[in-house]
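Asks: Attaching a predicted model along with its sequence, questions to come.
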Amino acid sequence: MPTTSFVRSLLLAVLIVPAVSTASDTGLELLRTAADKGDCAIPYEGKQEPAVALTASAYDLPSVSPQEVIQLLDRFIGNGCSIHAADSNGTSPVNVAVLSSQPELLNYLLEKGADPTTTIVSARQWANGKNSLEFAELIFRTKPSSSRAAVVDILKRYESAVSSSSAKAE
């Protein structure tokens, strides 16, 4: 089991450092242009990243309007881009919302059909093999906050609703 400081360092390296780059006007313009063209993969830091995951990562940045991010996500999803595709680090759009502790973004993605039960496939062993709820609980234990608690609660309610639906279908 990784130490709290180790997990915190990884979260900073994975979430904050790349996200700062995305915050620039150039980064947003790149997302806007890709949405206009209907591109579902966007070149970012030398890799082709899924448009929905990359756009979701801009949601909580100080210089970015969450409403514009939602509008861009609507356009990408409307263009047929996958709401499930994980980025090159193995982070799906749902797990972007988990990492950034954004309950509103998480609710939006779930309403659009994102699947939080998919397991993470990542070289980061502390995240690999976890579903979104397990991942959210790990992050909450590492550094509790009200927004992280809200994310865990949303995922628990989702899991409960899915279990309930499955039981009724049988």
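Replies: Right, received. Where do you want to start?
Asks: Could you use CA atoms for every contact and neighbour count after this?
Replies: Noted.
Asks: which residue ranges form the strands in the protein?
Replies: For the chain, the strands defined by DSSP state E cover 41-44, 47-50.
Asks: got a markdown table for these, with mean pLDDT, mean neighbour count and distance to residue 133 too?
Replies: Conversion of those to a markdown table gives the following (pLDDT from 0 to 100; neighbours: other Cα atoms under 10 Å; distance: least, Cα to Cα, whole Å):
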| stretch | mean pLDDT | mean neighbour count | distance to residue 133 |
| --- | --- | --- | --- |
| strand 41-44 | 92 | 17 | 26 |
| strand 47-50 | 95 | 17 | 22 |
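Asks: In TSV: these, plus distance to residue 130.
Replies: Written out in TSV, the entries for the strands of the chain read as follows (distance: least, Cα to Cα, whole Å):
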stretch	distance to residue 130
strand 41-44	25
strand 47-50	20
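Asks: mind checking which of those strands is nearest residue 104?
Replies: For the strands of the chain, the distance to residue 104 is smallest for strand 47-50, at 20.6 Å, taking Cα to Cα.
Asks: how many other residues sit next to residue 127?
Replies: Taking other Cα atoms under 10 Å as the criterion, the count of residues near residue 127 is 20.
Asks: so how far is residue 112 from it?
Replies: Taking Cα to Cα, to the nearest Å as the criterion, residue 127 is separated from residue 112 by 24 Å.
Asks: now residue 73
Replies: For residue 73, the distance to residue 112 (Cα to Cα) stands at 10 Å.
Asks: So which of those two has more stuff around it?
Replies: residue 73 (25 against 13).
Asks: List the residues that contact that one.
Replies: Taking Cα atoms under 8 Å, 6 or more residues apart in numbering as the criterion, residue 73 is in contact with 52, 55-56.
Asks: change it to 7 Å
Replies: Contacts here follow Cα atoms under 7 Å, 6 or more residues apart in numbering; on that basis residue 73 touches 52, 55.
Asks: That one and residue 126, how far apart?
Replies: Noted for residue 73: a distance of 28 Å to residue 126, by Cα to Cα.
Asks: Kindly report the same for residue 92.
Replies: On the measure of Cα to Cα, residue 92 and residue 126 end up 16 Å apart.
Asks: can you check residue 64 too?
Replies: 30 Å.
Asks: got it, and residue 93?
Replies: 18 Å.
Asks: Which one's more surrounded, the two?
Replies: residue 93 (30 against 16).
Asks: ok, for the more buried one, nearest residue in space, not its chain neighbours?
Replies: residue 53 (4.4 Å; Cα to Cα, 6 or more residues apart in numbering).
Asks: pretty sure the one you found is in contact with residue 92, am I right?
Replies: Yes - taking contacts as Cα atoms under 7 Å, residue 53 lies within contact range of residue 92: 5.9 Å.
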